[in-house]
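Undergrad: Provided below are the primary sequence and the corresponding predicted coordinates.
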Amino acid sequence: MNLSGPRRTGPNDDDTTAPVELPHVLITVATDGTLIATVDGTPFASPDGTTWTRATFGPLMDAITQDRTIAVRVEVRESDGSVFTDILRTRKPRRAVSPSETPVPETRRSRHARRVPRLAEVTAEGFVPGEDVAVATIVSHTDATGTGEARALIDLDDLPTGTSPEVILFGRISGTLALRRLT
């Protein structure tokens with residue numbers, strides 16, 4: 001059974017296809033918490049000559065991925081023998097919004113149509129600096145700060161009414177799980 005469908009060729013296609021390959025990052029964690037990092041088998045040393053540690057995992061990933069402009073396959077081998085594997089994707093570039101040269105006049109209708117969001121802040125500690133933190137139900141994602149704290153703003157109008165909803169922050173690398181009730 002062929003699940004891939006017919007192959008379409010274009011004017012620049014040849015008969016060979018190249019496999020997609022991501023740089024392979026291997027992080028070996030010692031019992032004292034120090035990290036040894038390699039990229040495609042080549043050692044990746046700290047730019048300032050210090051030793052990588054669990055606390056510098058975020059800056060290590062930023063250095064390897066060049067601030068998340070390069071996608072990589074990461075394999076973390078813990079000292080207890082457990083292995084964690086993930087793919088760190090690139091961040092979507094944020095486009096700067098330039099002000100319009102000719103401002104649109106504000107009307108009474110446009111003033112009333114604007115909805116001001118009601119926001120609630122949710123914070124928790126224990127995350128790996130720089131790690132991707134999921135905000136459940138998954139309404140958004142955020143990044144942990146350099147100190148390992150995650151922060152999310154929740155629009156209260158997007159949540160069910162009549163209950164005191166709970167929000168979960170989940171660290172995708174550390175496995176840290178924080179449950180907070182919005183009041």
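TA: In hand now; what should we look at?

Undergrad: was I right about residue 61 contacting residue 132?
TA: No. Distance between residue 61 and residue 132: 10.1 Å, which falls outside the contact criterion (C-beta atoms under 8 Å). For the C-beta atoms, the positions are set from N, CA and C on the backbone; glycine is no exception.

Undergrad: what's the first-to-last distance across stretch 30-49?
TA: Criterion C-alpha to C-alpha, to the nearest Å; first-to-last residue distance in stretch 30-49 is 18 Å.

Undergrad: how about that stretch: buried residues?
TA: Within stretch 30-49, the residues that count as buried by 16 or more other C-beta atoms under 10 Å are 35, 37, 44.

Undergrad: what are the boundaries of the strands in this structure?
TA: Using DSSP state E, the strands of the chain run over 24-29, 34-39, 42-43, 52-53, 72-77, 83-88, 119-124, 132-136, 140-143, 150-155, 166-171, 177-181.

Undergrad: got those as JSON lines, with mean pLDDT and distance to residue 65 columns?
TA: Below are the strands of the chain laid out as JSON lines (pLDDT from 0 to 100; distance: least, C-beta to C-beta, whole Å):
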{"stretch": "strand 24-29", "mean pLDDT": "93", "distance to residue 65": "8"}
{"stretch": "strand 34-39", "mean pLDDT": "92", "distance to residue 65": "10"}
{"stretch": "strand 42-43", "mean pLDDT": "93", "distance to residue 65": "15"}
{"stretch": "strand 52-53", "mean pLDDT": "89", "distance to residue 65": "14"}
{"stretch": "strand 72-77", "mean pLDDT": "91", "distance to residue 65": "6"}
{"stretch": "strand 83-88", "mean pLDDT": "87", "distance to residue 65": "6"}
{"stretch": "strand 119-124", "mean pLDDT": "82", "distance to residue 65": "24"}
{"stretch": "strand 132-136", "mean pLDDT": "84", "distance to residue 65": "12"}
{"stretch": "strand 140-143", "mean pLDDT": "74", "distance to residue 65": "13"}
{"stretch": "strand 150-155", "mean pLDDT": "78", "distance to residue 65": "19"}
{"stretch": "strand 166-171", "mean pLDDT": "86", "distance to residue 65": "18"}
{"stretch": "strand 177-181", "mean pLDDT": "85", "distance to residue 65": "25"}
